[in-house]
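A.B. asks: Turn this into a model:
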Amino acid sequence: MPRLITVLLNVGHTLDHLFLLIFAAAVAAIAQDFGSARWEDLMPYTTGAFVMFGLASVPAGRLGDLWGRRRMMLLFFFGIGAAAGAVACAQTAWQLALALSVMGIFASIYHPVGIPMLLQSATRPGLTIGINGLSGNLGIALAALSTGLLVKYLGWRAAFIVPGLVSIACGLLFARFAPPETIAPARKSSSKARLPRRLAIRVFVVMVASATTGSLLFNLTTNGNAQLIVERLDGLIQDPAVLGVLLAGIYAVASLAQVVVGRLLDHYPIKPMFIGLVGAQIVLFLAAVHSTGWAWYGLAILYMISIFAVIPFNDTMVVRYIDDSMRSRVSGVRLAISFGISSLAVLLLGPLVKLNGFSALLIMLAALASLTLFIVFWLPAQATLDAHSTA
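C.D. replies: This is a model prediction of the structure:
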């Protein structure tokens, strides 16, 4: 694959996560513009974006395997850029909700299509997944940074328009330089042995269940951190642009964990590392419950590292045990279930914080991490999986 296309596929992951979190970073400014008394009251209007981000993964994955991944990535770049422009044009909360939902449909394309396309010729898949994960999470950091700066100097609508234009420019480059697909992935011959049905079901259940709880943690933190940092650093920092830089710093540092974990996954078993990282999440969330100021900021960096670090595990399992000819479809189903359920986090975040505060949210995060730990213990041993996948 040409290096430029590899770069564009990674940039696509950056844009995908950036677009989904612009609203969370700008919600206070949007609420003020729309005359809403509190940001929590406006937060549920972005639920449609995350619901569609999950549900539309199934048709996106199916089209990626059967129609072609190159075509779907072009649809991603141009579609999400246009949808961002529609969000910027919204004049009411319900127009905003509709435009965000459309943006969620186009955002759903990337994970089941872009990641398999990137991995189809990778010689070190763990490292490739790690770098791709870093790229995606840099999008979260950029959402905090760019949105804070654009809202301050140009208004919240520019926070959607500018990335939208960048995405369209990436689409033009992708159309010009991405080599054509001679055959759709689904028509290629299988290169992997199939796992026994019982084992395959068990692995798939663990993938979906752990991805669901992980996505809940991801959505609750990345959508709530912008307001959480305002509360926990109250009195220390007031400038929204500086707060945006501090939040971007959390994500930038945490993102590096995926590269480290990706490299380790090329050499070591999945299960022990997965268990260790999830166990760390529980401890860190509980420690953050009553912390404030810079002590909370340090803990926030650590618990976001633990959240980002577990993301490569599910993609690694797909690469190791699912043939490339059907990876987009399997990923689409997994993502539809996990992202679909985890979209409830966005719906519940505002009301939960409004009623009980952020300390209750952090306790709930620790409970979710405990559930993830229970799920991961059910993953079959590495030796058992490898024996069947290479048979």
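A.B. asks: only C-alpha atoms for contact and neighbour calcs from this point on.
C.D. replies: Fine.
A.B. asks: what's around Arg93, how many residues?
C.D. replies: For the record, residue 93 is Ala, not Arg. Ala93: 16 surrounding residues under other CA atoms under 10 Å.
A.B. asks: ok, it to Leu352 distance?
C.D. replies: Per CA to CA, to the nearest Å, Ala93 is found 20 Å from Leu352.
A.B. asks: Then Trp294?
C.D. replies: Counting by CA to CA - Trp294 and Leu352 are separated by 24 Å.
A.B. asks: Same question for Ile363.
C.D. replies: Distance of Ile363 to Leu352, computed by CA to CA: 12 Å.
A.B. asks: Report the contact partners of Gly64.
C.D. replies: 71-72, 112-113, 185, 328-329 (CA atoms under 8 Å, 6 or more residues apart in numbering).
A.B. asks: which element is it on?
C.D. replies: Element membership of Gly64 [criterion: DSSP states H and E] is helix 57-66.
A.B. asks: List the buried residues for that helix?
C.D. replies: Along helix 57-66, these residues count as buried under the neighbour rule (16 or more other CA atoms under 10 Å): 57-66.
A.B. asks: quick one: low-confidence ranges for the stretch 51-200 of the chain?
C.D. replies: Residues of the stretch 51-200 of the chain meeting the criterion pLDDT under 70: 188-195.
A.B. asks: So which residues of it form helices?
C.D. replies: 57-66, 69-88, 93-107, 115-119, 125-153, 156-177, 197-232 (DSSP state H, counting those that start in this stretch).
A.B. asks: residue contacts, Ala83?
C.D. replies: Taking CA under 8 Å, 6+ apart as the test, what Ala83 contacts is 99-100, 102-103, 164.
A.B. asks: can you do 6 Å?
C.D. replies: Taking CA atoms under 6 Å, 6 or more residues apart in numbering, we find Ala83 in contact with Met103.
A.B. asks: So it versus Ser101, what's the distance?
C.D. replies: Distance from Ala83 to Ser101, by CA to CA: 9 Å.
A.B. asks: Report the angle between the helix holding Gly64 and helix 69-88.
C.D. replies: 150 degrees (axes from the mean of the first three to the mean of the last three CA atoms, to 10 degrees).
A.B. asks: could I have helix 57-66 exported to PDB, CA atoms only?
C.D. replies: Presented in PDB, the C-alpha positions along helix 57-66 are these (Å, rounded to 0.1, in the frame of the first residue of the first chain):
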ATOM      1  CA  SER A  57     -21.400  -0.100  11.200                       C
ATOM      2  CA  VAL A  58     -23.200  -3.300  10.000                       C
ATOM      3  CA  PRO A  59     -24.100  -2.000   6.500                       C
ATOM      4  CA  ALA A  60     -20.800  -0.200   6.300                       C
ATOM      5  CA  GLY A  61     -18.900  -3.400   7.100                       C
ATOM      6  CA  ARG A  62     -21.000  -5.400   4.600                       C
ATOM      7  CA  LEU A  63     -20.500  -2.800   1.800                       C
ATOM      8  CA  GLY A  64     -16.700  -2.700   2.600                       C
ATOM      9  CA  ASP A  65     -16.400  -6.500   2.000                       C
ATOM     10  CA  LEU A  66     -18.800  -6.800  -0.900                       C
END
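A.B. asks: Include distance to Ala24 when you put the contacts of Gly64 into JSON lines, please.
C.D. replies: Shown next, in JSON lines, are the contacts of Gly64 (distance: CA to CA, whole Å):
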{"residue": "Arg71", "distance to Ala24": "30"}
{"residue": "Met72", "distance to Ala24": "27"}
{"residue": "Pro112", "distance to Ala24": "24"}
{"residue": "Val113", "distance to Ala24": "25"}
{"residue": "Pro185", "distance to Ala24": "36"}
{"residue": "Ser328", "distance to Ala24": "28"}
{"residue": "Arg329", "distance to Ala24": "30"}
